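Engineer: Structure for this input, please:
(2 chains)
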2 protein chains.
Amino acid sequence: MAQLRIALAQTNPTVGDLSANADRLVEQTREAAERGAHLVVFTEMFLTGYPVEDLVLRTSFVDASIRTLEQVARRLREEGLGELPVVAGYVDRAGLAPRVGQPKGAPLDAAAILFRGEVVARTAKHHLPNYGVFDEYRYFVRGDRLPIFRLHGVDVAVAVCEDLWQDGGPVSVVGQAGAGLLVVPNASPYEKEKDDVRLELCARRAREAGCALAYANQVGGQDELVFDGDSLVVDRSGELLARAGQFREELLVVDLDDLPVSDAATGSFPYDAGDGTTITVDRLVLSAEPVAPRPAEPAPIAERLDPHAEVYSALVLAVRDYVAKNGFRSVILGLSGGIDSALTATIAADAIGPDRVDVVLMPSRYSSDHSVGDAEELVRRQGLHARIAPIADIVTAFEKEIELSGLAAENLQARVRGMILMGLSNQHGHLVLTTGNKSELATGYSTLYGDSAGGFAPIKDVPKTMVWELARWRNAHTRPGFLLEAERPIPENSIVKEPSAELRPDQRDTDSLPPYEVLDRLLDDYVEKDMGSQELIAAGHDPELVTRVIRLVDLAEYKRRQYPPGPKITPKNFGRDRRLPITNRWRETTA
Amino acid sequence: MAQLRIALAQTNPTVGDLSANADRLVEQTREAAERGAHLVVFTEMFLTGYPVEDLVLRTSFVDASIRTLEQVARRLREEGLGELPVVAGYVDRAGLAPRVGQPKGAPLDAAAILFRGEVVARTAKHHLPNYGVFDEYRYFVRGDRLPIFRLHGVDVAVAVCEDLWQDGGPVSVVGQAGAGLLVVPNASPYEKEKDDVRLELCARRAREAGCALAYANQVGGQDELVFDGDSLVVDRSGELLARAGQFREELLVVDLDDLPVSDAATGSFPYDAGDGTTITVDRLVLSAEPVAPRPAEPAPIAERLDPHAEVYSALVLAVRDYVAKNGFRSVILGLSGGIDSALTATIAADAIGPDRVDVVLMPSRYSSDHSVGDAEELVRRQGLHARIAPIADIVTAFEKEIELSGLAAENLQARVRGMILMGLSNQHGHLVLTTGNKSELATGYSTLYGDSAGGFAPIKDVPKTMVWELARWRNAHTRPGFLLEAERPIPENSIVKEPSAELRPDQRDTDSLPPYEVLDRLLDDYVEKDMGSQELIAAGHDPELVTRVIRLVDLAEYKRRQYPPGPKITPKNFGRDRRLPITNRWRETTA
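Structural biologist: Below you'll find the model as predicted:
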């Protein structure tokens, strides 16, 4: 039996910043070398970042990806790191003739093995996900080669991300061909409690492949996606050996022992992949001699975050990366004294520091005294930059030109606030954060171009009941990486008071909506679980409410499309992973 | 040899309105019967409308589709139409066990043959398009059965839409199995001059299948898609026999003769589809006896619209259907005196009639006299409802609360206008039309929540140079179906004057942008043809301009996502068929 020390680079690439990602690859490889690793595994499409969407259809982009890979291989050798093999994700092309229905240029979601300054083997994702947030039949063609390279006597196979999730394909072929270790670069986005599913999956696939499995996952925010890291290693029986933290970069170094030594012949061998396709295994040898035995160092198994810490950390990371990767220095948002804007401000302050968070208090003739007071208290506790811009005179100026009443007049107030924030954003370069939550967004209880105007929506995928839970959790906890030092940063009154949009006298959310505990349960069943109206009623929801809420949700489709991006934390964020026609006469309730 | 009279129902279904679509199916079938047809062919997914996006993942929706199909079959018999076979598109399900990566419920883009009150055969699209505006791997599983039914002695095969565009599959199987006629229900969206490609394709596939081919295409607007109809029939040599008009409903009745009489055995037979799959042909007999010979009636071959008439008609139909299918009664837009809003108003008046078009003149302190004059002249010529709402006092009220200068102050003016339109929309129920063109949208030369605020963007996909061409064309032409009766509806001065946003004194578009002839050519090469910066320079574009325009286009990505839907007329509208990450550091010009 043989040993290997492997390093999983759980990293945060920036989409499109190939040279910065390459620099990071060299840095992390150097650190891995210093820690005595025999192999470094980077995440899926690490050199380009993931996902790159239609960029991949551009010839120049794919050229740059391939060129960067070859350059970084040479650079590793030049910097004395050539003897340490590196598995690096990037974009390649398959060289197929064009045909209708095939993505332009036949791109591959590829990974390569770099060794002694050369690209010694290439592979590409075989199973292309095309559900939820994934559209990979649009972007890639299927890979059909699986490299197994011998490293210090141990055969190491490489498969990419989705190849682990679907049956058949590379994992099945590894099981047939035999290997001592399967390494898997991933860019697998966060969803609440996905870590449990992930561990179970890795354990099952390790048993199926008959070898240890190392899973390296991307970390960081990219538009609506948050990647949580959670890289891990299991042995061939599926037992967890090491696990990286969530929502942070980490170089996870793990000693594996009891790995089988192989003397299988080199060359290329076709295998039936069990999914109607053939996969060719390319066997090569980097080094045949096992390393001298040494005692294994204990590998970390990071503790899992509790459910609230997990969601809150995802939101903080999403805001931090959206701001930084898009080149903003600061954010601005409207502070109403209510819980949504209070939580959003707190997330922002935790993400980029309170000195980079500007807030505007925009009281109207209907704003209560406690609204301004609660907002001011939050500013004081967190040390934010604040200003006051009353909206009454501006609203009056509009009303002199056009006569508005009822909902139109309420919307006008929300829009005046949106215009003030956008004006200050244009003047000073702040990113505008919107403060709407998922329950509002689902039911259309927001104003287009009003409270929904802005560049990023941190709590877009957080139901109102969870907004309160997160506020309470944050007041009770802090964590390394949160930049806000205040104790109990959110005024208790913002958490406990009855929610109101304050767009007319004595308005309460419950005038138009059911209590949020009731609404959120119904939304979860309708939106996340896709239940039809009969199923919803059978599940115990009030029939009148089912009809009303389904109608609200279906009609709010247009508005939701106009909402800015925000971090996804559930299976069905209203964004790229839920797509309905706007022009549509189908009503679930007429079924 | 035998004869058949077939009717292609080039219809305009409404997505989700299953009962209205079923009514329409019965009506059209009755008309076909009255005209002596032996077969009626409806378009792809006619009963549900196309595309239905994520609705198809809902169990209740697929249930309703299947139930509607069965009901309509019975109803045809009850209404004395049971002897006339009908090919009807709908959504079915494949009954496969769930697995990762397979669309929930395994839906099929299906077509059925209805005869004597029964569903006698079912098929489903085999090739699933997943490029451009199509995401069908997300929604459907692949069909693998091909019905060939004998009708008055002639074997008739059925394939669906994309099966014609891709090599191998159903067309290849029809060629092997032998048939006298291949009928193809389609929902193939309009793109400029696609009709030429379509005819060539049908002719080629008819020769490949060795039989006549009848192509029935949807007509109408659905969100960003416009379907142009253009249904056609070719004989087995590919010669055009009949062709329906563009952008209008039509029942195209065609006499086919010289069709081969078949006595092939009935039953199910597997064929190698030539694309790595097997397709089972289901042969059945509806009627074996050829019809009594009769002289063929001449079939219409509708004249093609010229390029400007074609685009303009697409825009008119898109607006008409977006308004009607979403239940609006009227539209509202801001009229500046410039060409973009003048053309948009004219399209709207042609689509729904001038009495349902409201316009608002919103002069600022920088508006020129001719702006108001030209706008008033257009109102007079077209007979629109107009009002004036000067914005100066509202802008002043904002400036008392927040200090804005430069671009931020310019944006504020555009946003005040947007708020006025949205306020009137909310108050009176008008749909707000935005007036931005594609050149502006591409380069980000528009204000988020300002001139881009609204529900539908009629000229979103029309480059500025084409805006002028369409205005000139419309002043010189009218057409059946245009509801505006005015001669030369657009004031000449709006067409010839130099374009200006009038957001600061003496502003001209050419202060910030190159002349539109130069810009539009460059945008076409960069956006539509995906050329890289080196290719653009090699193609003769000015290097400095290439750098500047690519930067503008890449940076405007976020803004473009916030734009309302608008009719697609080019391969790469900025909407569902062009998707780039917002967070992205890749610059074409750094390649």
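Engineer: partners of the helix or strand where A:A214 lies, with directions?
Structural biologist: Using DSSP states H and E, A:A214 sits in strand A:212-217. Strand A:212-217 has the following strand partners under DSSP bridges: strand A:181-186 (parallel), strand A:232-234 (antiparallel).
Engineer: Serialize those strands to TSV and add fields for distance to B:D196.
Structural biologist: (Glycine included, C-beta is placed from N, CA and C.) Shown next, in TSV, are these (distance: least, Cβ to Cβ, whole Å):
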stretch	distance to B:D196
strand A:181-186	45
strand A:232-234	56
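Engineer: Let me know which of those is tucked in deepest.
Structural biologist: For the strands paired with strand A:212-217, the largest average neighbour count (mean count of other Cβ atoms under 10 Å in any protein chain shown) is found in strand A:181-186, namely a mean of 28.
Engineer: moving C-terminal of that one, what's the next helix or strand?
Structural biologist: Sequence-wise, the next helix or strand downstream of strand A:181-186 (DSSP H and E) is helix A:194-209.
Engineer: Spell out which helix or strand contains the most centrally placed residue in chain A, please.
Structural biologist: In chain A, the centroid-proximal residue (Cα atoms, centre = their mean) is A:V226; its distance is 1.7 Å. For A:V226, the host element (DSSP H and E) is strand A:225-228.
Engineer: Ok, A:E377 next?
Structural biologist: helix A:369-382.
Engineer: Touching that helix from outside, list them.
Structural biologist: Outside helix A:369-382, the residues within contact range by Cβ atoms under 8 Å, 6 or more residues apart in numbering or on different chains are A:335-338, A:341-342, A:345-346, A:349, A:354, A:357, A:359, A:361, A:363, A:384, A:386, A:388, A:484, A:486, A:488-491, A:493-494, A:497, A:502.
Engineer: Among these, name the ones in helices.
Structural biologist: Residues of the contacts of helix A:369-382 located in helices (DSSP state H): A:341-342, A:345-346, A:349, A:493-494.
Engineer: ok, those residues vs chain B, which is closest?
Structural biologist: A:S341 (18.3 Å; Cβ to the nearest Cβ).
Engineer: confidence score at the closest one?
Structural biologist: A:S341 carries a pLDDT score of 98 in this model.
Engineer: leaving aside the residues next to it on the chain, what's closest to it?
Structural biologist: A:T435 (4.2 Å; Cβ to Cβ, 6 or more residues apart in numbering or on different chains).
Engineer: Tell me if the one you found really is in a helix.
Structural biologist: No - counting by DSSP: H, G, I helix; E, B strand; the rest coil, A:T435 falls outside a helix, being coil.
Engineer: neighbours around it, how many?
Structural biologist: A:T435 has 26 neighbouring residues, counting by other Cβ atoms under 10 Å in any protein chain shown.
Engineer: need the contact list for it.
Structural biologist: Residues in contact with A:T435 (Cβ under 8 Å, 6+ apart) are A:333-334, A:336, A:340-341, A:344, A:451, A:457-459.
Engineer: Go again with 6 Å.
Structural biologist: For A:T435, the contacting residues are A:340-341, A:344, by Cβ atoms under 6 Å, 6 or more residues apart in numbering or on different chains.
Engineer: Neighbouring strands - and their directions - for the helix or strand where A:L108 lies?
Structural biologist: Using DSSP H and E, A:L108 sits within strand A:107-115. The strands beside strand A:107-115 in its sheet (DSSP bridges) come out as strand A:86-93 (antiparallel), strand A:118-124 (antiparallel).
Engineer: Please write out the alpha-carbon positions of it in CSV.
Structural biologist: Taking Å, rounded to 0.1, in the frame of the first residue of the first chain, the C-alpha atoms of strand A:107-115 are listed here in CSV:
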residue,chain,number,x,y,z
PRO,A,107,-16.5,24.2,-25.7
LEU,A,108,-15.6,21.8,-23.0
ASP,A,109,-15.8,22.3,-19.2
ALA,A,110,-12.3,20.9,-18.9
ALA,A,111,-9.7,20.0,-16.4
ALA,A,112,-6.0,19.4,-17.1
ILE,A,113,-3.1,17.8,-15.3
LEU,A,114,0.0,20.1,-15.2
PHE,A,115,3.4,18.5,-14.6
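Engineer: That one: how far from the chain's middle?
Structural biologist: Its chain's average C-alpha position is 23 Å from that of strand A:107-115, according to Cα atoms, centre = their mean, to the nearest Å.
Engineer: Let me know the average pLDDT across it.
Structural biologist: Mean pLDDT, computed over strand A:107-115, is 98.
Engineer: does A:L424 count as helix, strand or coil?
Structural biologist: Strictly by three-state DSSP, A:L424 counts as helix.
Engineer: burial measure for it, as a count.
Structural biologist: A:L424 has 21 neighbouring residues, counting by other Cβ under 10 Å.
Engineer: Next secondary structure element downstream of the lowest-mean-pLDDT helix or strand in chain A?
Structural biologist: Least confident helix or strand of chain A, by mean pLDDT, DSSP states H and E, is helix A:509-512 with a mean of 84. Under the assignment DSSP H and E, the closest C-terminal helix or strand after helix A:509-512 is helix A:516-523.
Engineer: which other helices and strands contact that next one?
Structural biologist: Here helix A:516-523 touches helix A:438-443, helix A:464-476, going by 3 or more Cβ pairs under 6 Å, 6 or more residues apart in numbering or on different chains; DSSP states H and E.
Engineer: tell me the mean pLDDT for the shortest one?
Structural biologist: Computed over helix A:438-443, the mean pLDDT rounds to 95.
Engineer: so what's the residue of the stretch 1-150 of chain A found nearest chain B scoring on pLDDT?
Structural biologist: Ranked by Cβ to the nearest Cβ, the top residue of the stretch 1-150 of chain A for proximity to chain B is A:G16, at 2.8 Å. Looking at A:G16, its pLDDT reads 95.
Engineer: Wait, it touches B:N584, no?
Structural biologist: Yes - between A:G16 and B:N584 there is a contact under Cβ atoms under 6 Å: 4.3 Å.
Engineer: residue with max distance from the center of chain A?
Structural biologist: When distances are taken from the C-alpha mean of chain A, A:K400 lies farthest, 46.5 Å away, according to Cα atoms, centre = their mean.
Engineer: sorry, back to before: from the rest of the structure, what touches the strand holding A:L108?
Structural biologist: Contacts of strand A:107-115 (Cβ under 6 Å, 6+ apart): A:56, A:62, A:69, A:73, A:85-94, A:119-125, A:140, A:143, A:149, A:158, A:160, A:185, A:286.
Engineer: Return the set of buried residues in the helix holding A:E377.
Structural biologist: Of all the residues in helix A:369-382, those buried under the rule 16 or more other Cβ atoms under 10 Å in any protein chain shown are A:371-372, A:374-379, A:381-382.
Engineer: Pipe these into CSV and attach distance to B:E200 and pLDDT per row.
Structural biologist: Below are the buried residues of helix A:369-382 laid out as CSV (distance: Cβ to Cβ, whole Å; pLDDT from 0 to 100):
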residue, distance to B:E200, pLDDT
A:S371, 66, 87
A:V372, 69, 93
A:D374, 68, 97
A:A375, 65, 97
A:E376, 70, 97
A:E377, 71, 97
A:L378, 66, 98
A:V379, 67, 98
A:R381, 70, 98
A:Q382, 66, 98
